[in-house]
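Engineer: Using only what follows, build the 3D model:
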Amino acid sequence: MERATPLPQKPFSTRKNLIIISPGRGGSSFLGSLFNENPHVMYSFEPFFAITRKIFHVDLDKGEKEPKNYKQAFLRVIDGFLKCDFANLSKTTISALSKSGWHLLKSNAFSKVNLKQFSSALLTSTCENHKYTVIKILSARVPNKTIETFKELFQQQSHYDVKLVHLVRDPRAVVNSRVNLKWMKDHLHPSFSDNVRRICNPILQNIRFGLFSPSSWLKNRFKILRYEDLVGNTVNITRELYRFAGFDWSTSIDEWISQLANNSKQGTEYCVFRNATAAIHGWKNAPKPFIKAVEDECRDLMDFLGYEKYTY
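Structural biologist: Alright, predicted model coming up:
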């Protein structure tokens, strides 16, 4: 699909931005693609994969301890993306981002970027050539796994406008996918219950905080989205998200959704072209003890989000 000519290179006042957080295997790549295909959006595909692995040398997705100074580094990177100013990022950070080329090239905004010339200036010019920024972050990589981390960024309303979408998915599907990809052991392993709780508990705490927090900094700037609802009603849900973020719609999104709808092939585990029914209901093929174990550990989250127990 041919992309539109980039907008003139200039900064935008009160730049509008969107942050997407989701558990790994929660459907965030699919959601991100609905912004990535907009030629006016600079979409950043998991920048903290590079930060955690190449600078701090930890795998937070596996529950490894959060390193010292990680929160400061996290906020500095996010702030740079939100205001299109990367001058405060260290050469080490810029280098780490450039070396995660596979992740960068998942973003259409960087499709024609020469990674060998990657720099803070190139990042800034790429950002300024796009009207909006969308950043996808796996929730395990958010400092302390809490959205309260974003408070000081959200309070900088004179610099940019930013909103937050928390994508959630049936935990049985999330855990089943992780087990199939060997991200974690199955229900027969002693660590299974702890790992499942490590997935579900932060999600429940964050959505409760986002919905019920009296803090003014998050009011009208937080949205929960179920993956199943997005897959089942993609056009309407996506338009609603664009209105929430304050982004202009693009016909390229209609074309992209049409391609998704007309796709008849089942893609790989990391592909956004997936059979919707299989993506939503595939976990039902898991063993009954597996399903029950996840339901037991994630009961409160499932009840809160409206996921019913499986009836055999």
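Engineer: where in the stretch 151-300 of the chain is pLDDT low?
Structural biologist: 157-158, 263-277 (pLDDT under 70).
Engineer: how close does Arg243 get to Lys112?
Structural biologist: 30 Å (CB to CB, to the nearest Å). For the C-beta atoms, the positions are set from N, CA and C on the backbone; glycine is no exception.
Engineer: typed the wrong thing, it's Phe290
Structural biologist: From Phe290 over to Lys112 the distance is 44 Å, taken as CB to CB.
Engineer: Chain neighbours aside, what residue packs nearest to the residue of the chain most remote from its centre?
Structural biologist: When each C-alpha in the chain is compared with the mean C-alpha position (CA atoms, centre = their mean), Tyr312 comes out farthest, at 32.6 Å. Leaving aside its chain neighbours, Tyr312 sits nearest to Lys288 (6.6 Å; criterion: CB to CB, 6 or more residues apart in numbering).
Engineer: Can you tell me which residue is spatially central in the protein?
Structural biologist: Nearest to the geometric centre of the chain sits Lys136, at 3.2 Å (CA atoms, centre = their mean).
Engineer: What ranges does the stretch 151-300 of the chain have for its helices?
Structural biologist: 151-154, 171-180, 192-212, 227-232, 234-245, 251-262, 276-281, 288-297, 299-305 (DSSP state H, counting those that start in this stretch).
Engineer: highest average neighbour count across the ones you listed?
Structural biologist: helix 171-180 (a mean of 22; mean count of other CB atoms under 10 Å).
Engineer: Contacts for that one, please.
Structural biologist: 23-26, 184-186, 196, 199-200, 203, 227, 269, 279-280, 282-283, 286, 290-291, 294-295, 298, 301-302, 307, 310 (CB atoms under 8 Å, 6 or more residues apart in numbering).
Engineer: Next, the angle from it to helix 192-212.
Structural biologist: Angle, helix 171-180 to helix 192-212, by axes from the mean of the first three to the mean of the last three CA atoms, to 10 degrees: 140 degrees.
Engineer: Between helix 288-297 and helix 171-180, find me the angle.
Structural biologist: 130 degrees.
Engineer: now helix 171-180: how far from the chain's centre is it?
Structural biologist: 17 Å (CA atoms, centre = their mean, to the nearest Å).
Engineer: got the CA coordinates for it in CSV?
Structural biologist: Extracted C-alpha coordinates of helix 171-180, given in CSV (Å, rounded to 0.1, in the frame of the first residue of the first chain):
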residue,chain,number,x,y,z
PRO,A,171,-6.2,-14.4,30.6
ARG,A,172,-6.8,-17.9,29.5
ALA,A,173,-5.8,-16.9,25.9
VAL,A,174,-2.8,-14.9,27.2
VAL,A,175,-1.4,-17.7,29.3
ASN,A,176,-2.1,-20.4,26.7
SER,A,177,-0.3,-18.3,24.0
ARG,A,178,2.7,-17.8,26.3
VAL,A,179,2.9,-21.5,27.1
ASN,A,180,2.7,-22.4,23.4
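Engineer: where exactly do the helices run in the stretch 1-150 of the chain?
Structural biologist: Using DSSP H, counting those that start in this stretch, helices in the stretch 1-150 of the chain cover 28-36, 47-50, 70-83, 91-99, 101-104, 120-128.
Engineer: Mind checking the pLDDT average for the third one?
Structural biologist: pLDDT averaged over helix 70-83 equals 94, rounded to a whole number.
Engineer: which residues sit against it?
Structural biologist: Taking CB under 8 Å, 6+ apart as the rule, helix 70-83 contacts 15, 17, 19, 42, 44, 47-48, 51-52, 55-56, 85-86, 88-89, 93, 123, 127, 133, 135, 141-144, 149-150, 152-153, 156, 159-160, 162.
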